[in-house]
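> I'll drop the sequence and a predicted model, then ask my questions.
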Amino acid sequence: MNKRTVLEILPQNVTEFFNEWQLRIFAILSLSSQIALLFLGNRRKYKAEKWLSNILWLAYSSEDLIVAVFVGILSDCQGDGGDPSQQLQAFWMPFLLLHLGGPDTITAYSSEDNELWRREVLQKLLQFGWAALQIFPTSSGGKLLNILALLMLGAGVAKSIEKTLFLRSGSIEGLRKWAIRDRGRNVGPSGDGEVIDPTTGPEVRRRNHCNDVHPTCTTRCPGHSYPDFVIEWANRPIYPDIVLEWTNRPNYAAFTRGCEINGGSGCHCSCRTESEECEIVNLPSPPQPESEKSEEVIIPSPASRNKIITEADLLQKADQFFPKFKRLFADLVLDWTDLEQSKSFFENVSPEEAFQVVDIELGFMYDVFYAKPVAVYDESSFLRFINLLVSISAFLSFWIIDKHEFRYVDLIITWLLLVEAILREIYCIILMCSSDRTENWLNKQEKTVMTSIYQAICSCRVPFLFPDKKRWSDCMGQCSLLSDSLENLHIVFWNFCCISPLLEMLSEVWNFCISLMPEMLSEIWNFFCICLEFEDFSKNSRVVPKFLKMLIFEQLQEKSRTASNSKKAKILSAHKGESALENMKCFKELGWSLGEEFDENIVLWHVATELCYYADLNRNSTISVENSKCKASKRVSDYMLHLLVKRPDMLPNGMGEIRFQETCDEATAFFLSGNIKDKIQACEKLLQVNTKNRQPKQKEEKNCMSVLFNACLLAQSLQLLETEMEWNREKKWEMMSDVWIEMLSYAASHCPSNQHAEALRRGGELLTHVWLLMAHFGLTEHSQAPRSCNRVSLP
């Protein structure tokens, strides 16, 4: 039996049309994908819509395939090179290769793409090598067209190399190598880091405890330099009655020689064992002028000079902290000195300013992972202007050549590719000049010309064409177990009412079609590595209120002040609500509700919070329900359940999804036994459950994971606080909000860093912002305890 291809089966006119238009179709597809990536690539930074992610995935993943197919078709269609149409179509190839470099708005769809940067290098080598063999033979008939193809090919090679370098820098390997290379350097992402003045003498060298700064360099010394120490000891000014402390087995020979040199000059030297703490003891010395007194010198960040830039000071602080806390995404520890500097700043700012600094830092981190973090002061910024000049030159050159031999449709596609190349570079230059990195650089400039250019460029940002200045969605997903149970109740009730055989048959057919279509579509999309969700995030999300941010900030600030060292900070960050109960002196009554399984605690406290919330709402207690801490408890409760159901990878390992489903099924069965209509009535029924003869955590069945009964018991215990302990409702909600915020902090600190990175491309998560804010307060597992001093502290 003869096998025929698809084109042989189709009619002849369809086959001829496809053979004639296939290169044009793929050129238009590549152009469309670039436009989608250019205008939508940066919007997922603050938008969590699923349709946006699907479009970006389709455009990002199809570009390599389009180029490969285009080159293959071009190699099959090329003849002797004399056909003008083939010459012009071969001229399209450099533009498609330029598209492989991608726009500045997106370099990676997910963080896994950064880890595959080596595969990207191999793919680009094969693609450019194969394409080069097809371009020049087919365009040999036109010399000017050949030169233009060569120019555009060079621009495509440069952009592909740049993209590969950015992918490498966004990988975990790149982050770790950067951290090792940048170890000890006080340089921010703008390159304008703290410059250490070697003329300030011992005051600067003593400010960082064990990370002393060598007097002749601008970086922290990696270790002891005994020859330099001896020379400095011999030539140092004489200050009497100074005690020097030395640890960790120094070179006593060199130290003794230094003592002999200065022994008669009034210096008193003493040594301690390495087990003792290193201290600097200053004995009474002759009075000195105020200007010469030895004090700890802290070099402040340079003040903002450009008052036109809004949030100038916050941008500068975020730029200062970003290189240090960037290590968290690579699971590297932070220096205790960096944490102390961060704590001193965040303890003296408002909650709004603290979250704004965190927003800016995470915006920087998004650019590292998923975009091209380019600013006007970077060397790579010149590539945009060079590509723009090349594209304009190609446009003008193509304008003057003789085009009467080319087809009209091919000329239109060529003009579109040329115009797109020019407009794309202009678009990227505008984004680069109005980015946070460029604004931070302009803060430190006094050049009015640069400021005028900046204002002119920012005025070109049309809201529809350019992304907003938002740094994240500022939203938190919401999920309610009672709402899901009531929705399931209506479905069960409808199926129960279909008694008639006809209605029953129609119901089965309808339910089968409804259940089958999403399943089939999900399987198809999952085959292409897309997790299709039919629920829109925006429908089940709420804006993060300011009062919630204030409560989070205040609790973390209080814990930071309590944590005297890194060990204490790690203990506090491991609390799942115990501290809140102990502070409110109700741990004995409610401590049973905080078990080892964190997912069980979430479902348990979520149901209890909803029961208390709607019970107070049914009492017409508007004062209690409208209380900010009551609202915060409800928002965080629904958000934590949303993470458990929709983002389980961001929470500690457990069986939360199974526990949620079984609790939801038990609640549906309970509501089905009564005439339940709304949430308030459902809460009344659940609060009337008899729990006097049952023990907490008791299960009816051995394998049952439902926590509905224990949630009813917890809700009744919370309500009894108002009568037995004479609490008012405001105090009850204060305790519950503290518990929820502490559970939120626990989840944030135990979420893997790669999941925090993935959340940045989905519009951001409140959990990630809390995680970074905790790190700024020193409440992190990735902290290094301060070590004893390993060198002589010279006054």
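Nice, thanks for sending it over. Numbers count the residues shown, from 1 in each chain.

> now stretch 327-344: how far from the chain's centre is it?
Stretch 327-344 sits 17 Å away from the centroid of its parent chain (C-alpha atoms, centre = their mean, to the nearest Å).

> could you do stretch 628-648 as well?
So, by C-alpha atoms, centre = their mean, the centroid of stretch 628-648 is 20 Å from its chain's centroid.

> swap in stretch 90-101?
Counting by C-alpha atoms, centre = their mean, stretch 90-101 comes out at 32 Å from the chain centroid.

> which outside residues touch stretch 729-743?
Stretch 729-743 is contacted from outside by 551-552, 555, 575-581, 583-584, 586, 598, 601-602, 605, 609, 612, 616, 621, 623-624, 627, 629-630, 632-633, 636-637, 640, 718, 721-722, using C-beta atoms under 8 Å, 6 or more residues apart in numbering. For the C-beta atoms, the positions are set from N, CA and C on the backbone; glycine is no exception.

> swap in 7 Å and give it another go.
551-552, 555, 575-577, 579-581, 584, 586, 601-602, 605, 609, 616, 621, 624, 627, 629-630, 632-633, 636-637, 640, 718, 721-722 (C-beta atoms under 7 Å, 6 or more residues apart in numbering).

> so Met640 sits against Asn601, correct?
No - taking contacts as C-beta atoms under 7 Å, Met640 lies outside contact range of Asn601: 9.3 Å.

> more crowded one of those two?
Neighbour totals were compared for Met640 and Asn601, and Met640 leads with 28 against 22 (other C-beta atoms under 10 Å).

> what about the spatially closest residue to that one that is not a sequence neighbour, how many residues nearby?
Nearest non-adjacent residue to Met640, counting by C-beta to C-beta, 6 or more residues apart in numbering: Ile602, 5.0 Å away. When neighbours are defined as other C-beta under 10 Å, Ile602 has 26 of them.

> which secondary structure element contains Ile602?
In this structure, Ile602 sits in helix 598-618 according to DSSP states H and E.

> for that helix, which positions count as buried?
598-617 (16 or more other C-beta atoms under 10 Å).

> please save the CA atoms from that helix in CSV.
The C-alpha trace of helix 598-618 is given here as CSV (Å, rounded to 0.1, in the frame of the first residue of the first chain):
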residue,chain,number,x,y,z
PHE,A,598,1.1,22.4,59.2
ASP,A,599,-1.5,21.7,56.5
GLU,A,600,-3.8,20.4,59.2
ASN,A,601,-3.4,23.6,61.2
ILE,A,602,-4.3,25.7,58.1
VAL,A,603,-7.5,23.8,57.4
LEU,A,604,-8.4,23.6,61.1
TRP,A,605,-7.9,27.3,61.8
HIS,A,606,-9.5,28.3,58.5
VAL,A,607,-12.8,26.6,59.2
ALA,A,608,-12.8,27.9,62.8
THR,A,609,-12.1,31.5,61.6
GLU,A,610,-15.0,31.3,59.1
LEU,A,611,-17.3,30.0,61.8
CYS,A,612,-16.4,32.8,64.2
TYR,A,613,-16.5,35.5,61.5
TYR,A,614,-20.0,34.6,60.3
ALA,A,615,-21.2,34.0,63.8
ASP,A,616,-20.2,37.5,64.8
LEU,A,617,-21.7,38.8,61.5
ASN,A,618,-25.0,37.1,62.4
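
> from the contact counts, what lies against that helix?
Under the contact definition 3 or more C-beta pairs under 7 Å, 6 or more residues apart in numbering; DSSP states H and E, helix 598-618 sits against helix 481-497, helix 622-625, helix 628-646, helix 656-672, helix 679-687, helix 708-724, helix 729-749.

> give me the buried positions along the longest one.
In terms of neighbour count (16+ other C-beta under 10 Å), helix 729-749 has its buried residues at 729, 732-749.

> likewise the third one?
By 16+ other C-beta under 10 Å, the buried positions in helix 628-646 come out as 628-645.

> got the angle between that helix and helix 656-672?
Counting by axes from the mean of the first three to the mean of the last three C-alpha atoms, to 10 degrees, helix 628-646 lies at 110 degrees to helix 656-672.

> what separates Val689 from Leu486, distance-wise?
17 Å (C-beta to C-beta, to the nearest Å).

> the more surrounded of the two?
Comparing Val689 with Leu486 by other C-beta under 10 Å, the one with more neighbours is Leu486, at 19 against 15.

> how close does the more buried one sit to Cys683?
Counting by C-beta to C-beta, the gap from Leu486 to Cys683 is 11 Å.

> try Glu115
Glu115 is 48 Å from Cys683, by C-beta to C-beta.

> neighbour count for the two, which is higher?
Comparing Glu115 with Cys683 by other C-beta under 10 Å, the one with more neighbours is Cys683, at 24 against 18.

> enumerate every residue touching that one.
Going by C-beta under 7 Å, 6+ apart, Cys683 touches 610-611, 614-615.

> at 10 Å instead, please
If a contact means C-beta atoms under 10 Å, 6 or more residues apart in numbering, then Cys683 has 482, 607, 610-618, 676, 712, 715 as its contacts.

> which residues touch the residue lying closest to it once chain neighbours are set aside?
Nearest non-adjacent residue to Cys683, counting by C-beta to C-beta, 6+ apart: Tyr614, 4.2 Å away. If you count contacts by C-beta under 10 Å, 6+ apart, Tyr614 has them with 482, 625, 634, 678-684, 686-687.

> now do Val390
Contacts of Val390 (C-beta under 10 Å, 6+ apart): 98, 148, 151-152, 154-155, 158, 421-422, 425.

> going through those residues, which ones are buried?
Applying 16+ other C-beta under 10 Å to these flags 98, 148, 151-152, 155, 158, 421-422, 425 as buried.

> looking at the residues you listed, which is nearest Gln86?
Leu148 (15.8 Å; C-beta to C-beta).

> got the confidence number for that closest one?
Here, the pLDDT recorded for Leu148 equals 87.

> how close does it get to Leu617?
71 Å.

> can you give me the strands in the stretch 1-150 of the chain?
Using DSSP state E, counting those that start in this stretch, the stretch 1-150 of the chain contains no strands.

> okay, helices next: where are they in it?
Using DSSP state H, counting those that start in this stretch, the helices found in the stretch 1-150 of the chain span residues 6-9, 12-40, 50-77, 84-91, 93-100, 111-115, 117-138, 143-169.

> just want the angle from the third one to helix 84-91.
Orientation check (the same axes, to 10 degrees): helix 50-77 against helix 84-91 gives 130 degrees.

> with the last one instead?
Computed with the same axes, to 10 degrees, the direction of helix 143-169 lies at 30 degrees from that of helix 84-91.
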